[in-house]
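1. Provide a 3D model corresponding to the input given below.
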Amino acid sequence: MTTIKPTFTDKKFLVTLVFVTSLFMFWGVAISLSDVLNKHFQEVLHVSKAQSGLVQFSVFGAYFVMGIPAGLFMKRFGYKSGVLLGLSLFAIGAFLFVPAANAQSFNFFRLALFIVGCGLSTLETVAHPFVASLGHQETSDQRINFAQSFNALGTMLGPLIGGFFVFGNGGESTEAGLDSIKILYIIIGVLVTVVAISFSFVKVPALVDPHAPITQGFDVEEVPVPSKKLFQNRHFVWAAISQLFNVAAQSGTWAFFLNYCHEKMHMGDREASAYMGFVFMGLMLVGRFAGTALMRFIAPNKLLALFTAGSIIMCLIVAQSWGWASFIALLMINFFFSIMFPTIFSLGIKNLGAQTQQASSFISMGVVGGAFFPLLMGLVANHDVATAYYLPIICYAVIFAFAVKFYKVRV
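-> Numbering: from 1, shown residues only. The predicted model follows:
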């Protein structure tokens, strides 16, 4: 029998793939932009570092609240409707920044960020299986990795956009600082609305079930029939726990990057935002490509263990406040972050067959880890921002245990 090699995607899916891939960039921009807001609200609304951690709590907490409803909505009404719901919530939250700025209310901003977070949660819940369905099962991982590269691009753009708009006037007065935020989020709201309206006119072809066995003409393995209940799979449970701690460490590290630049490196806000966008987030993009290449020679769990160990060492150096040596270590943390989310994800869903989609939803909900950890780091950062970087080591210890031992699939 002649084996046909599946293509990356089919021509009929190209337009849809372009739209869905853009979603990865959108939530990358929105997530990293919240870290700029964290620092800015400290200055213009006079909140403490611990209180400013509520910015991340509002965004990532929405993932926990909206994760299951978004999945149920997607199952009932389909991928396209799920995307439109996510974009609509995103736009509504963005436009709510206008009355929040007028009221000069931190809690109003948190409400707006929560609604933005609900939109991002919906988009993230829908986008991964949507991309996987835009072609053959065997190439679904390639499409997801391709789309995730645009997420990394979005995390680079967020701080740069925030630095231009939010810190463009120096943030010297509350009124001017909040006006700049209004302008930025009006632009974001309009852009997201235009994308939603445009996508509503796109006709999505019949999709491929990425978890159903495809054997006609293609050399791919059949999906195994699960032999036990989902939560009886230890590797899945540990992956879900590890993902929670992974996003917790990531959100805390990002949230106080600008504070570290300002307090330890004596940088201005614009300069710090440039470092965050070009170098800090750029290293994550580099790490993602490097990690993908290294996985050809190193088992994913072993590479995850190496990158986790690297993160622990970098955190120890950052916490010492050794000037540029510690700052370079802070930048390198994002390099080691790069492979963690997708690698934990892929190890956690191995050999789950028809339970894969359900498992994916639970692992994705680990993003809620980003809701509470900046609050804990903020309490320490109120005294010394460098010392706060000891805390992520706890998270990496959990991930290291998963990578070394608990990743193994038990039949």
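2. Just list what the host helix or strand of Ala248 packs against, helices and strands only.
-> Ala248 is part of helix 234-255 when elements are defined by DSSP states H and E. In terms of contacts (3 or more CB pairs under 8 Å, 6 or more residues apart in numbering; DSSP states H and E), helix 234-255 is packed against helix 14-44, helix 54-77, helix 324-337, helix 340-348, helix 356-364, helix 369-381, helix 392-401. In short, each C-beta sits where N, CA and C put it, glycine included.
3. Quickly note the distance from Gly268 to His262.
-> As judged by CB to CB, to the nearest Å, Gly268 and His262 stand 8 Å apart.
4. Leu123 touches Phe90, doesn't it?
-> Yes - assessed by CB atoms under 8 Å, Leu123 is found in contact with Phe90 at 7.1 Å.
5. coming back round to it: mind checking which of Gly268 and His262 has more residues around it?
-> For Gly268 versus His262, neighbours defined as other CB atoms under 10 Å are more numerous around His262 (19 against 14).
6. Excluding covalently adjacent residues, which one is nearest to the more buried one?
-> Closest residue to His262 apart from its sequence neighbours, by CB to CB, 6 or more residues apart in numbering: Ala272 at 6.1 Å.
7. neighbours of the one you found, just the number please.
-> Ala272, neighbours per other CB under 10 Å, totals 24.
8. next one: Lys39
-> 26.
9. try Ile197
-> The burial count for Ile197: 11, using other CB under 10 Å.
10. so the helix or strand in which it is found versus helix 14-44, what angle?
-> Secondary structure from DSSP H and E places Ile197 in helix 174-200. Calculated by axes from the mean of the first three to the mean of the last three CA atoms, to 10 degrees, helix 174-200 forms an angle of 170 degrees with helix 14-44.
11. helices or strands next to helix 174-200 in the packing?
-> Using 3+ CB pairs under 8 Å, 6+ apart, helix 174-200 is in contact with helix 14-44, helix 79-95, helix 97-103, helix 140-165.
12. Can you point out the buried residues in the third one?
-> The one in question is helix 97-103. Within helix 97-103, the residues scored as buried using 16 or more other CB atoms under 10 Å are 97-98, 100-101.
13. Next up, the contacts around Ile181.
-> 37, 40, 97, 101, 165-166 (CB atoms under 8 Å, 6 or more residues apart in numbering).
14. just checking, what packs against the least confident helix or strand in the chain by mean pLDDT?
-> Lowest mean confidence among the helices and strands of the chain (mean pLDDT, DSSP states H and E): helix 356-364, at a mean of 73. Helix 356-364 is packed against helix 54-77, helix 106-132, helix 234-255, helix 340-348, with contacts defined by 3+ CB pairs under 8 Å, 6+ apart.
15. what's the domain layout of this structure?
-> When the chain is parsed with automatic domain parsing, its domains come out as 7-206, 221-411.
16. Please tell me how far Gln243 sits from Leu153.
-> Distance of Gln243 to Leu153, computed by CB to CB: 22 Å.
17. the more surrounded of these two?
-> Between Gln243 and Leu153, Gln243 has the larger neighbour count (other CB under 10 Å), namely 25 against 17.
18. so what's that one up against?
-> 341, 344-345, 348, 363-364, 366-367, 369.
19. So which of the helices and strands packed on helix 234-255 is nearest Phe8?
-> helix 14-44 (9.1 Å; CB to CB).
20. could you check the angle helix 106-132 makes with that closest one?
-> Going by the same axes, to 10 degrees, helix 14-44 makes 160 degrees with helix 106-132.
21. coming back round to it: can I get the contacts of Ile181 in CSV with distance to Phe19?
-> Converted to CSV, those look like this (distance: CB to CB, whole Å):
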residue, distance to Phe19
Leu37, 27
His40, 31
Phe97, 25
Ala101, 30
Phe165, 25
Val166, 28
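22. tell me the least confident of those?
-> Ranked by pLDDT, those bottom out at Val166, which scores 73.
23. Not counting its neighbours along the chain, what's nearest Gln243?
-> Gln243's closest residue in space is Gly366 (CB to CB, 6+ apart), at 3.1 Å.
24. Contact partners for that neighbour?
-> Contacts for Gly366 (CB under 8 Å, 6+ apart) come out as 240-244, 246-247.
25. Between those, which sits nearest Ala255?
-> The closest of the contacts of Gly366, once distances to Ala255 are taken by CB to CB, is Val247, at 11.9 Å.
26. buried set for the helix holding Ala248?
-> 235-255.
27. Any idea which of the domains of the chain has the lowest pLDDT on average?
-> domain 7-206 - the lowest mean pLDDT of the domains of the chain, at a mean of 82.
28. Next one: Val204 from Phe90, what distance?
-> Distance from Val204 to Phe90, by CB to CB: 20 Å.
29. Counting neighbours, go ahead and name the busier of these two.
-> Using other CB under 10 Å as the criterion, Val204 and Phe90 rank with Phe90 on top: 29 against 19.
30. Count the residues that sit near the nearest residue to the more buried one once chain neighbours are set aside.
-> The spatial neighbour of Phe90 that comes closest, neighbours along the chain excluded (CB to CB, 6+ apart), is Gly119 at 3.2 Å. For Gly119, the neighbour count with other CB under 10 Å is 26.
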